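Student: Everything below, folded, please.
(4 chains)
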2 protein chains.
Amino acid sequence: MAPRPAEFVFEQTISFVLARTSTAFRNSLEKSMATIGLHAGQAFVLIELWKRNGQRQIDIASQLNLAAPTVSKMIKGLVEINLVRVQKVEDDARSTRAFVTEKGLAIRAEVETQWHELEEYTLADLNETERLILFDLLSKLRNTYTGRDPEEDE
Amino acid sequence: MAPRPAEFVFEQTISFVLARTSTAFRNSLEKSMATIGLHAGQAFVLIELWKRNGQRQIDIASQLNLAAPTVSKMIKGLVEINLVRVQKVEDDARSTRAFVTEKGLAIRAEVETQWHELEEYTLADLNETERLILFDLLSKLRNTYTGRDPEEDE
DNA sequence: TTTATTTTATTAGCTGGCTAACCAAATAAG
DNA sequence: CTTATTTGGTTAGCCAGCTAATAAAATAAA
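Tutor: Below you'll find the predicted structure:
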């Protein structure tokens, strides 16, 4: 491990910039999703269900690297606004599967539009090469923090 | 603005990866700071005060791109554990200035050590070039989201 | 000078995250 | 078969963020 410099400047660490950027981005995402009546966390759950409908909460949590209670709350919110319904699994009385409703399916186009808009705004100052590199580097960081196997998503 | 592709894959957007990476990083930072009895948010306030002691809450909020109530709570927590004290400004009865206590000054070395350790862990899979590029790209994103003037930090 | 506006900070209440503790069901061990 | 462990989910309670609403002080405007 590299030695800690004598005069440590927090602002010049990637950790610092990543943290501040994260917060700022989160606000933007929340605002973006709010325009279509969603919270950011709910959008992530929907994205997961659009990919594989009927997942159990623990599966969603695993995919998004979230804790079980976090997903539990998000799904509760989605059920309340009729975008998702839950259904007991017949052969396992512990788990419940989450399914998108018709309304939950219908909202996908709006989410995509908003998401794409935010993405463009995010990357406005970056050229194509920078975009590819940033995606790659962020993916590496994610793998580092979550200990996940790269390329395990399809 | 580029057209939204026919089949939109959320997972392949930088927004998606950034969001998931952010959450994972936040957890790591929180755990890291917890080893020295701090919360992540409190660390950021301390970092600001170490740089310029006696700042008003609104100054700190501005520097960190946080809302006033957020900083208010963080400082309250820091005061409770005797790392920060607040003092009324004599010529402006609205604002209070925050100062690090002796204990708040003394903890700096520990925070630096922990921070540096997390930074090394974060960047373990990245070479020097990638580190520089990542810092630069994240800074760009931060500027995009916060609308801040680049290079305004010293 | 009086009134209107802006500024600083706090409180209340929300979502996004977490851990700890708990329950019930499924499975493994004995 | 009975007990112990693991697993899926919820509840409670915490911090990191936010907005809206409020209060008080400072400033600008009339």
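Student: which one is the residue positioned nearest the centre of chain A nearest to, not counting chain neighbours?
Tutor: Here the mean C-alpha position of chain A is nearest to the C-alpha of residue A:44 (Cα atoms, centre = their mean), at a distance of 4.5 Å. Excluding its sequence neighbours, the residue lying closest to residue A:44 (Cβ to Cβ, 6 or more residues apart in numbering or on different chains) is residue A:64, at 5.5 Å. Glycine gets a C-beta too; all of them are placed from N, C-alpha and C.
Student: In contact with the one you found, which residues are there?
Tutor: Residue A:64 sits next to A:44, A:45, A:48, A:71, B:20 when contact means Cβ atoms under 8 Å, 6 or more residues apart in numbering or on different chains.
Student: mind redoing it with 10 Å?
Tutor: Counting by Cβ atoms under 10 Å, 6 or more residues apart in numbering or on different chains, residue A:64 touches A:41, A:44-45, A:47-48, A:70-71, A:74, A:146, B:16, B:19-20, B:23.
Student: Check the gap between the residue nearest to residue A:50 when sequence neighbours are not counted and residue A:115 for me.
Tutor: Residue nearest to residue A:50 in three dimensions, not counting chain neighbours: residue A:108, with 5.8 Å by Cβ to Cβ, 6+ apart. Distance of residue A:108 to residue A:115, computed by Cβ to Cβ, to the nearest Å: 10 Å.
Student: for residue A:79, same thing?
Tutor: Between residue A:79 and residue A:115 the distance is 22 Å, computed by Cβ to Cβ.
Student: The helix ranked longest in chain A to helix B:14-34, inter-axis angle?
Tutor: Looking across chain A with DSSP state H, the single longest helix is helix A:14-34. With axes from the mean of the first three to the mean of the last three Cα atoms, to 10 degrees applied, the angle from helix A:14-34 to helix B:14-34 works out at 130 degrees.
Student: quick check, residue A:86 in a strand?
Tutor: Yes. Judged by DSSP: H, G, I helix; E, B strand; the rest coil, residue A:86 forms part of a strand.
Student: how many neighbours does it have?
Tutor: Counted by other Cβ atoms under 10 Å in any protein chain shown, the residues lying close to residue A:86 total 15.
Student: what residues are up against the residue nearest to it when sequence neighbours are not counted?
Tutor: Leaving out its chain neighbours, the residue that sits closest to residue A:86 by Cβ to Cβ, 6+ apart is residue A:96, at 4.6 Å. Counting by Cβ under 10 Å, 6+ apart, residue A:96 touches A:56, A:57, A:58, A:72, A:75, A:85, A:86, A:87, A:88, A:89.
Student: so what's the second one scoring on pLDDT?
Tutor: The one in question is residue A:57. With respect to pLDDT, residue A:57 scores 96.
Student: With residue A:153 instead?
Tutor: Looking at residue A:153, its pLDDT is 45.
Student: and the strand or helix carrying residue A:120, which residues are buried?
Tutor: Residue A:120 is located in helix A:108-122, with elements delineated by DSSP states H and E. Buried residues in helix A:108-122, counted by 16 or more other Cβ atoms under 10 Å in any protein chain shown: A:111, A:112, A:114, A:115, A:116, A:118, A:119, A:122.
Student: wait, does the longest strand along chain A contact DNA strand C?
Tutor: Longest strand in chain A, counting residues (DSSP state E): strand A:92-100. Yes. Using Cβ under 7 Å from any atom of the strand, strand A:92-100 reaches DNA strand C at A:92, A:93, A:94.
Student: measure residue A:131 to residue A:141 for me?
Tutor: 16 Å.
Student: low-confidence ranges in chain A?
Tutor: A:1-6, A:148-154 (pLDDT under 70).
Student: wait, what's in contact with residue A:121?
Tutor: Contacts for residue A:121 (Cβ under 10 Å, 6+ apart) come out as A:28, A:32, B:1, B:15, B:144, B:145.
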